[in-house]
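Asks: sequence first, predicted model second:
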Amino acid sequence: QVQLVESGGGLVQAGGSLRLSCAASGLTYSAHAMGWFRQAPGKEREFVAAISRSGWFSIYDDVVKGRFTISRDNAKNTVYLQMNSLKPEDTAVYYCAAGRPYSGHVSRAEGEYGNWGQGTQVTVSS
């Protein structure tokens, strides 16, 4: 059974940093591109960042580009999201997701991700 477990969320002041982790099990981790999405209260879930299977290629939403960094450690079956210069509008539940196995595509689309974690809350105070 595939499991994705996020951790590292919490309360932080504006301008601060957090590092999210997502540990995967039950899948051939290196076969999957990985993504981070978020959902703020009353809003649709939105794309944040994604990384290729090897970790060599990544994409970001423009809103977080330059502030957030996605990375992965295939030896630990873990993907990370380093979030710097946090803003109150970054407040959301953050989800990690695994892309379709052995696909070379790194996607912004939720439909390209077949497995999702339960999410971790990030709250940024002003």
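Replies: Arrived safely, thanks for sending. Owing to the predicted nature of the structure, the values given are computational and were not obtained by experimental measurement.

Asks: which helix or strand contains the residue nearest the centre of the chain?
Replies: Centrality entry for the chain: nearest residue to the mean C-alpha point is residue 36, 2.2 Å, by CA atoms, centre = their mean. When secondary structure is defined by DSSP states H and E, residue 36 falls within strand 34-39.

Asks: picking that back up, I'd guessed the residue nearest to the centre of the chain sits against residue 50; true?
Replies: Yes: under the criterion of CB atoms under 8 Å, residue 36 makes contact with residue 50 at 7.3 Å. C-beta coordinates here come from the backbone N, C-alpha and C atoms, glycine included.

Asks: now do the shared contacts for these two.
Replies: Counting by CB atoms under 8 Å, 6 or more residues apart in numbering, the residues touching both residue 36 and residue 50 are residue 70.

Asks: ok, which stretches of the protein are strands?
Replies: 3-7, 10-13, 18-25, 34-39, 46-51, 58-60, 68-73, 78-83, 92-99, 113-116, 120-125 (DSSP state E).

Asks: return the list of helices and strands in contact with the second one.
Replies: Looking back up the chat, that one is strand 10-13. Contacts defined by 3 or more CB pairs under 8 Å, 6 or more residues apart in numbering; DSSP states H and E place strand 10-13 against strand 120-125.

Asks: swap in 10 Å and give it another go.
Replies: Identification of packing neighbours for strand 10-13 by 3 or more CB pairs under 10 Å, 6 or more residues apart in numbering; DSSP states H and E yields strand 18-25, strand 120-125.
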